[in-house]
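Novice: Predicted model and sequence follow; I will ask about them next.
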Amino acid sequence: MNRFCLSLLLLSFMALTLQAKRPVSPNGKLSIETTRQGMVVFHRQQKVLDIPVMAMGTPGKPLKLKKSGKVKADYKMLAGKRLHCTNQANEYVARLGNGRQLVVRLYDDGLAFRYELSGLNNDSLPKEQTVYHIPEGTKRWMMEWSDAYEGFFPLSTTAKVKAPRRPFSANAGGYVTKWGFPALLEPSDGVFVLLSEANIERRQSAAFLCNDGEDFHVTPDENKLLVSGEWHSPWRVAIIGQLADVVESTLVTDVCEDCKLEDVAWIKPGVVSWIYWAYNHGSNDYNIIKKYVDMAVVLKLPYVLIDAEWDEMKDGKTIEDAVAYAKAQGVKPLIWYNSSVGWVNGAPGPKYRLNKPEDREREFAWCERIGVAGVKIDFFSGDNQMNMDYCLDLIEAAAKHHLLVNFHGAPIPRGWQRTYPNLLTTEAVYGAEWYNNVPTFTDKAACHNATLPFTRNVIGPMDYTPCTFSDSQHPHITSKGHELALTVLYESGLQHLADKPESYLAQPQEVQDFLSHLPVAWDETRLVGGYPGKFAVMARRTGTTTWYVAGINGTDEEMTIPLDFSFIDARSVTTYRSVTVFTDDSGRQGGWKIYSTDRFPDKMVCKPRGGFVFVTKQ
């Protein structure tokens with residue numbers, strides 16, 4: 001008996017010793033066990049991510065990680081889910097041979113790693129060999145890759161997914177083998193892993209995932225550069241933990257370069273009135289542009305977007321006339337450009353004004369001179385190195401002339417919003433614009449909307465163009481409460497209101513006032529509850545004590561959603577004086593139920609595809 005107990009103690013001691021030697025995160029929740037050519041990541045001693053191969057070029061000697069120090073992130077943002085971001089990591093290095101090394105950081109909320117190369121002499125970059133092993137049966141929410149990142153994140157437990165037949169599908173007719181970031185996994189109940197990448201720099205391409213059965217290969221897009229000296233890959237990122245850990249994480253920006261702009265006082269996030277959705281057309285009609293400027297005035301919105309075709313304005317008017325009208329009303333105009341590297345033939349203009357450095361400089365100087373506040377640049381052509389450098393050229397040139405930037409038809413955010421805070425939003429989402437294009441969105445929108453907070457919007461600002469109460473080319477069946485909630489549920493430094501002026505101005509005054517005071521930059525973000533595709537409830541704080549809470553039901557059934565706001569109430573009993581509630585009531589004229597209460601509800605009965613918003617009053 002004594003020998004048996006001694007053996008158990010010895011085995012326990014050996015297990016603890018091995019565990020202590022593992023690379024760990026500062027809070028101890030995450031750890032790594034190296035394999036011959038890769039690693040396994042554990043969350044609270046539970047295996048959550050298998051990376052069997054980690055190499056640039058041919059895998060070499062066995063992977064051995066040595067601790068190299070600690071890393072701290074502490075920085076300010078001008079927009080986003082949190083304006084003051086902090087994080088910490090333990091950093092480890094593995095020598096891969098031939099002037100190559102792997103740098104691994106274990107943060108409190110995830111893993112980041114990249115490859116660093118030296119001694120290059122006009123060389124082509126070696127092929128990256130990173131593989132994520134995702135076993136069949138693992139729940140996952142993954143989007144089929146497209147160059148504009150506009151697709152659904154359907155729940156699946158298999159890699160054998162039939163590709164739908166649609167124009168932008170890379171896999172139409174067979175199985176999907178090419179997947180876009182981010183990818184959300186649930187390797188065990190209640191534990192999630194979100195895969196993405198961050199900090200794309202010059203001389204780099206972005207990447208996607210290509211799978212061969214259960215093995216998903218990180219596949220950088222085309223990069224034809226010959227490189228001398230040193231080079232490193234972007235950071236490969238895995239955010240790990242419970243859903244709240246994933247949603248609230250700033251890991252994508254934590255690993256990015258700090259702000260490169262000396263003057264940022266001119267960068268102001270805000271709400272925008274937007275013409276395209278209601279008319280399924282651009283901005284070549286001066287009188288329609290005036291309607292959206294006038295709506296911005298009534299709703300006290302800071303911006304109006306003048307969309308495509310302004311170079312073909314009718315009735316003798318010009319873009320300068322439209323800009324002048326907006327400025328005279330106290331509204332800042334944003335204007336649209338075709339990037340002219342993606343969809344060009346058959347696409348709207350203006351075209352070919354930004355591609356050459358001298359043309360770009362002339363155009364942006366003109367924008368600044370006539371009073372344009374920002375640019376929306378559309379139709380890029382994927383993740384290749386040329387597009388990445390071009391995007392950086394555009395952001396930097398725009399900053400020089402005090403222009404905000406919104407990328408559309410573009411790759412997902414990968415952290416540039418920290419380095420260049422004039423980049424306030426990016427589309428890269430299957431958003432409300434799709435009510436214009438096909439009938440598919442009508443039935444799928446509610447579920448999709450309840451998936452985006454856990455997938456696409458985690459990694460950066462998302463120009464979904466939310467809050468449409470009327471119908472576009474195809475009807476929507478989400479409720480008014482659901483639509484209003486999207487303005488808070490989704491984070492975007494420029495929040496474009498897509499519906500027509502008469503629709504917004506027909507809403508109750510309380511709804512109009514809500515839109516007039518809507519923040520788009522947040523001091524704090526907390527996930528109250530949810531599950532991808534089912535429901536989502538988000539709380540966002542602006543200033544010291546004002547909270548906005550938004551919830552949506554992604555199902556076709558009525559749902560009672562339990563709510564726990566102890567994280568707010570525990571701070572101070574005098575945090576707020578009352579709470580205004582916006583929710584659905586189909587029995588009332590207008591479909592709204594709006595009332596005030598002295599505390600947050602502890603549950604909400606949410607109608608099918610319904611939603612709600614709470615706002616605290618001081």
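Specialist: Perfect, thanks for sending it.
Novice: Only C-alpha atoms from now on, for both contacts and neighbour counts.
Specialist: OK.
Novice: what about L452, distance to V246?
Specialist: 12 Å (Cα to Cα, to the nearest Å).
Novice: wait, I meant V40
Specialist: 19 Å.
Novice: Same question for V511.
Specialist: 31 Å.
Novice: Can you verify my assumption that N387 contacts S381?
Specialist: Yes - contact criterion Cα atoms under 8 Å: N387 and S381 qualify, at 7.0 Å.
Novice: Compare the two and say which one has the larger neighbour count.
Specialist: N387 (22 against 19; other Cα atoms under 10 Å).
Novice: The more buried one looks like it's in a strand, true?
Specialist: No - counting by DSSP: H, G, I helix; E, B strand; the rest coil, N387 falls outside a strand, being helix.
Novice: can you pull the pLDDT of it?
Specialist: Looking at N387, its pLDDT reads 98.
Novice: ok, it - contacts?
Specialist: Residues near N387 by Cα atoms under 8 Å, 6 or more residues apart in numbering: 205, 380-381.
Novice: how long is stretch 184-193 end to end?
Specialist: So stretch 184-193: terminal residues 6 Å apart, Cα to Cα.
Novice: what's the average pLDDT for it?
Specialist: 98.
Novice: Now for this protein, the helix or strand with the poorest mean pLDDT.
Specialist: Ranking every helix and strand in the chain by mean pLDDT, DSSP states H and E puts helix 2-21 at the bottom, with a mean of 46.
Novice: Give me the mean pLDDT for the helix or strand just after it.
Specialist: Under the assignment DSSP states H and E, the closest C-terminal helix or strand after helix 2-21 is strand 30-34. Average pLDDT, strand 30-34: 97.
Novice: and for strand 30-34, what are the contacting residues?
Specialist: Contacts for strand 30-34 (Cα under 8 Å, 6+ apart): 22-25, 39-45, 63-65, 106-110.
Novice: Could you identify the buried members of those residues?
Specialist: For the contacts of strand 30-34, a burial check counting by 16 or more other Cα atoms under 10 Å picks out 22-25, 39-43, 63-65, 106-110.
Novice: Okay, D108 and Q507: tell me how far apart.
Specialist: From D108 over to Q507 (counting by Cα to Cα), the distance is 44 Å.
Novice: quick one: the strands in the stretch 201-350 of the chain?
Specialist: Secondary structure of the stretch 201-350 of the chain (DSSP state E, counting those that start in this stretch): strands located at 207-212, 215-220, 226-232, 235-241, 270-274, 303-306, 332-338.
Novice: Mind listing the strands the last one pairs with, and their directions?
Specialist: As defined by DSSP bridges, the strand partners of strand 332-338 come to strand 303-306 (parallel), strand 374-378 (parallel).
Novice: Which of these has the highest mean neighbour count?
Specialist: Highest mean neighbour count of these: strand 303-306, a mean of 27 (counted as mean count of other Cα atoms under 10 Å).
Novice: rewinding a little: give me the more crowded residue out of V511 and V246.
Specialist: V246 (26 against 16).
Novice: low-scoring stretches of this protein, by residue?
Specialist: Applying pLDDT under 70 to the chain flags residues 1-20, 165-173, 569-575.
Novice: quick one, helices of it?
Specialist: 2-21, 243-248, 251-254, 276-279, 286-298, 319-328, 357-370, 385-400, 416-419, 440-449, 480-489, 501-505, 509-516, 566-569 (DSSP state H).
Novice: Make TSV from those and add distance to W343 to it.
Specialist: Putting the helices of the chain into TSV (distance: least, Cα to Cα, whole Å) gives the following:
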stretch	distance to W343
helix 2-21	53
helix 243-248	33
helix 251-254	29
helix 276-279	18
helix 286-298	25
helix 319-328	23
helix 357-370	19
helix 385-400	13
helix 416-419	23
helix 440-449	23
helix 480-489	29
helix 501-505	30
helix 509-516	34
helix 566-569	47
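Novice: between the ones you listed, which gets nearest to S233?
Specialist: helix 385-400 (11.9 Å; Cα to Cα).
Novice: now, of the strands of the stretch 201-350 of the chain, which is deepest in the fold?
Specialist: strand 303-306 (a mean of 27).
Novice: one step back: quick check: which of the helices of the chain is nearest to G409?
Specialist: Closest among the helices of the chain, once you apply Cα to Cα, is helix 385-400, at 12.0 Å.
Novice: Show me which residues of that closest one are buried.
Specialist: 385-399.
Novice: That one to helix 357-370, inter-axis angle?
Specialist: 30 degrees (axes from the mean of the first three to the mean of the last three Cα atoms, to 10 degrees).
Novice: Now find how far off-centre helix 385-400 is within its chain.
Specialist: How far helix 385-400 lies from its chain's middle: 19 Å, per Cα atoms, centre = their mean, to the nearest Å.
Novice: got it, and stretch 217-226?
Specialist: Worked out by Cα atoms, centre = their mean, stretch 217-226 lies 23 Å from the chain centre.
Novice: Start and end of that stretch, how far apart?
Specialist: End-to-end for stretch 217-226, by Cα to Cα: 23 Å.
Novice: If anything else comes up later, I'll come back, but that's it for now.
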